[in-house]
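K.L.:
The sequence isn't on hand, but the structure is:
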Ligand SMILES: Nc1ncnc2c1ncn2[C@@H]1O[C@H](COP(=O)(O)OP(=O)(O)O)[C@@H](O)[C@H]1O
Ligand SMILES: N[C@@H](CC(=O)OP(=O)(O)O)C(=O)O
């Protein structure tokens, strides 16, 4: 048995962790700590897992500590990743859940122990105050013990439902926030750990769907919980409990962004800041295109399109919530806190079918008049690629009418939970591009079933290459220039899709050509055309 399981005895629920933290507070000490009592409005700061893992001191001292001079701050954190997200706590927790389902496997105990050791080691390295460190150690051990017994129970009953999986991954955000709360207190900031695992009532989840009504109610609950912190700085778990459907299946990875967005809405914040390890949104992935430039302002539609097509800068649900409430989102870099970052900002022109806003939203008036006045040049906003794509080509055997043909194909994809990123059809032929990285078994099973509609071929090792930009609808011939530029660079195009969205032109090309294709498009299409 892992050492923490023998040492831990009393606490079985995470409420005990919070009770412990409350009970041990020394009033004399908290009186001398810095308060979250600025007269400015609320700013919500979201920190991703790799930022909390790599730069916790920088966050506490140079970001939270500095911004609380001007604003009331609430921070929302994801589970720690000390190196990459792929090796981070959330992925380890998902692995632990899978292992628990293997009869007799005890690997899940080792994974939980590794998570525990990792958090304890970092705590010891960074926290100086003995009392704060001891309290944090207990909190970490309690959470890990609870998780181990939960996984043990799952192994006995041989079942982990999607909701159980949500509870398991939630441990990552709880550990991360216990740690950040302790670190802030150690640095003299009066912080309060806010565990959201019970913020959604079970009654609500049973009868509701994940719709706007649900988000509105949740935003209100979140705001009430944060207001209850008074002048303590809230450190909020990006995990917000069991939601209708399940967190992983209905919202997906990156849910902390959405949590921060709802909090920003509930508190009617001045700004939502999403802190990352990149200066903001660039005209192309800066790791792949060295000449990529930082984009100062981008519309929510463009940012969402970039996220769907491979530049995963922000969870797309986030934008909708925050922009509905007309709150600006700013992407900023934890390694360069004074940089301006990228502002996600709706233009004042109405979208199709929507009313033109009669005046600039309140928060924008204050922030960005200068930016709005800057001329926008006629050029695409960004180029992006989405990796690990397969294309399925289905040629009908003409045994059903075309409407039945497409309906049948989509019901098979739905059954295997496969999501089509791009599609191109004729009456008897359909080509679909989908992401197959973690769903390869599902793709294989779907292909077998699709054969009843005709011959199916599958092409692998592809990427979707997309040009994204609001200005493109005014740029006559942009699609032609995109494809002729690719042709001159000898890049073969497997499939084209244009027109589904007027701000995106996409095609599918071989993975081996991806970086070269992005670079030639960036060189040839991203120069100014006044
Ligand atoms: N257009 C883009 N602009 C900025 N970053 C991009 C873009 N496309 C892809 N990226 C990549 O997205 C990553 C996002 O930043 P990072 O803070 O590391 O992510 P996370 O918060 O998910 O850990 C960066 O590594 C960057 O290279
Ligand atoms: N831990 C979750 C939540 C999250 O939002 O992560 P990040 O902010 O690091 O993308 C995940 O890995 O999906």
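P.N.:
Yes, it's here. The model shown is predicted, which means the values in this text are computed figures rather than measured ones. Ligands and ions are numbered 1, 2, ... in the order given.

K.L.:
tell me the contacts of whichever residue of the stretch 351-500 of the chain sits closest to ligand 1?
P.N.:
The nearest approach of the stretch 351-500 of the chain to ligand 1 comes at residue 382, 5.2 Å away (Cβ to the nearest ligand atom). Bear in mind the C-beta positions are built from the backbone N, C-alpha and C, glycine included. The neighbours of residue 382, taking Cβ atoms under 8 Å, 6 or more residues apart in numbering as the test, are 281-284, 295, 302, 306, 311, 467-469.

K.L.:
Now the phi/psi pair for it, please.
P.N.:
Dihedral pair for residue 382: phi -160, psi 160, per degrees, to the nearest 10.

K.L.:
at contact distance from ligand 1, anything in whatever helix or strand residue 459 lives in?
P.N.:
Assigned by DSSP states H and E, residue 459 belongs to strand 454-468. No. Strand 454-468 does not reach ligand 1 (Cβ under 6 Å from any ligand atom); its nearest approach is 9.1 Å.

K.L.:
re the thing from before, pLDDT wise, what is the residue of the stretch 351-500 of the chain closest to ligand 1 at?
P.N.:
Residue 382 is assigned 96 on the pLDDT scale.

K.L.:
Is it bridged to anything, and to what?
P.N.:
For residue 382, the beta-bridge partners are residue 468 (DSSP bridges).

K.L.:
pLDDT wise, what is residue 250 at?
P.N.:
If you check residue 250, the pLDDT there is 87.

K.L.:
mind listing the strands for this structure?
P.N.:
Remark: strands assigned in the chain by DSSP state E are 42-47, 72-77, 191-194, 233-237, 271-276, 297-298, 329-333, 342-344, 382-396, 420-425, 429-435, 454-468, 493-498, 504-510.

K.L.:
Okay, domains of the chain per the record?
P.N.:
Structural domains annotated on the chain: 42-277, 382-527, as defined by the TED database.

K.L.:
mind checking how far residue 309 is from residue 508?
P.N.:
Residue 309 sits 11 Å away from residue 508, going by Cβ to Cβ, to the nearest Å.

K.L.:
shared neighbours, those two?
P.N.:
Common neighbours of residue 309 and residue 508 (Cβ under 8 Å, 6+ apart) are residue 464.

K.L.:
Surely residue 83 is in contact with residue 53?
P.N.:
Yes. Residue 83 is in contact with residue 53 according to Cβ atoms under 8 Å; the separation is 7.4 Å.

K.L.:
So for the two, which sits in the more crowded spot?
P.N.:
Per other Cβ atoms under 10 Å, whichever of residue 83 and residue 53 has more neighbours is residue 53, with 24 against 10.

K.L.:
check contacts around the more buried one.
P.N.:
Contacts for residue 53 (Cβ under 8 Å, 6+ apart) come out as 80-83, 88.

K.L.:
State the pair within those that is farthest apart.
P.N.:
80 and 83 (10.3 Å; Cβ to Cβ).

K.L.:
buried sites along the strand holding residue 459?
P.N.:
Using 16 or more other Cβ atoms under 10 Å as the test for burial, strand 454-468 gives 454, 456, 459, 462-468.

K.L.:
Quick check, the residue in the stretch 301-450 of the chain closest to ligand 1?
P.N.:
At 3.2 Å from ligand 1, residue 311 is the closest residue in the stretch 301-450 of the chain, using Cβ to the nearest ligand atom.

K.L.:
give me every residue that touches the residue minimising distance to the centre of the chain.
P.N.:
With distances taken as Cα atoms, centre = their mean, the residue of the chain nearest its centroid is residue 254 (2.4 Å). Residue 254 makes contact with 312, 314-315 under the criterion Cβ under 8 Å, 6+ apart.

K.L.:
and if we set it to 7 Å?
P.N.:
Taking Cβ atoms under 7 Å, 6 or more residues apart in numbering, we find residue 254 in contact with residue 315.

K.L.:
and the strands of the chain, which one's lowest on average pLDDT?
P.N.:
strand 493-498 (a mean of 85).

K.L.:
Parallel or antiparallel, which strands does that one pair with?
P.N.:
Applying DSSP bridges, strand 493-498 is found paired with strand 504-510 (antiparallel).

K.L.:
what's in contact with the strand it pairs with?
P.N.:
Residues outside strand 504-510 that contact it (Cβ under 7 Å, 6+ apart): 305, 309, 389, 391, 422, 433, 461-468, 472, 478-479, 482, 491-498, 517.

K.L.:
which bits of the protein sit near ligand 2?
P.N.:
Within the chain, the residues that sit near ligand 2 (Cβ under 6 Å from any ligand atom) are 48-49, 78-79, 85, 90, 172, 238, 253-257.

K.L.:
hmm, which of those residues are the buried ones?
P.N.:
So, by 16+ other Cβ under 10 Å, the buried ones in these are 48-49, 78-79, 85, 90, 172, 238, 254-257.

K.L.:
Columns distance to residue 194 and pLDDT on top of the residues you listed, output as TSV?
P.N.:
Listed next are those as TSV, based on distance: Cβ to Cβ, whole Å; pLDDT from 0 to 100:
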residue	distance to residue 194	pLDDT
48	18	96
49	18	96
78	14	98
79	15	98
85	23	80
90	19	96
172	16	98
238	11	98
254	20	91
255	16	95
256	13	97
257	17	96
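
K.L.:
Give me the subset of the residues you listed that also touch ligand 1.
P.N.:
Contacts with ligand 1 are made by 48, 85 out of these, judged by Cβ under 6 Å from any ligand atom.

K.L.:
Select, from the buried ones among the residues of the chain next to ligand 2, the two members most distant in space.
P.N.:
Every pair of those checked by Cβ to Cβ; the farthest is 172 and 257, at 15.0 Å.

K.L.:
Spatially nearest residue to residue 93, not counting backbone neighbours?
P.N.:
Nearest non-adjacent residue to residue 93, counting by Cβ to Cβ, 6 or more residues apart in numbering: residue 169, 4.9 Å away.

K.L.:
any idea how far the one you found lies from ligand 1?
P.N.:
Residue 169 sits 16 Å away from ligand 1, going by Cβ to the nearest ligand atom, to the nearest Å.

K.L.:
Enumerate every residue touching that residue.
P.N.:
90, 93-94, 239.

K.L.:
So the residue nearest to residue 483 when sequence neighbours are not counted versus residue 507, what's the distance?
P.N.:
Nearest in space to residue 483, with sequence neighbours left out and distances taken as Cβ to Cβ, 6+ apart, is residue 493 at 6.7 Å. Residue 493 is 5 Å from residue 507, where distance means Cβ to Cβ.
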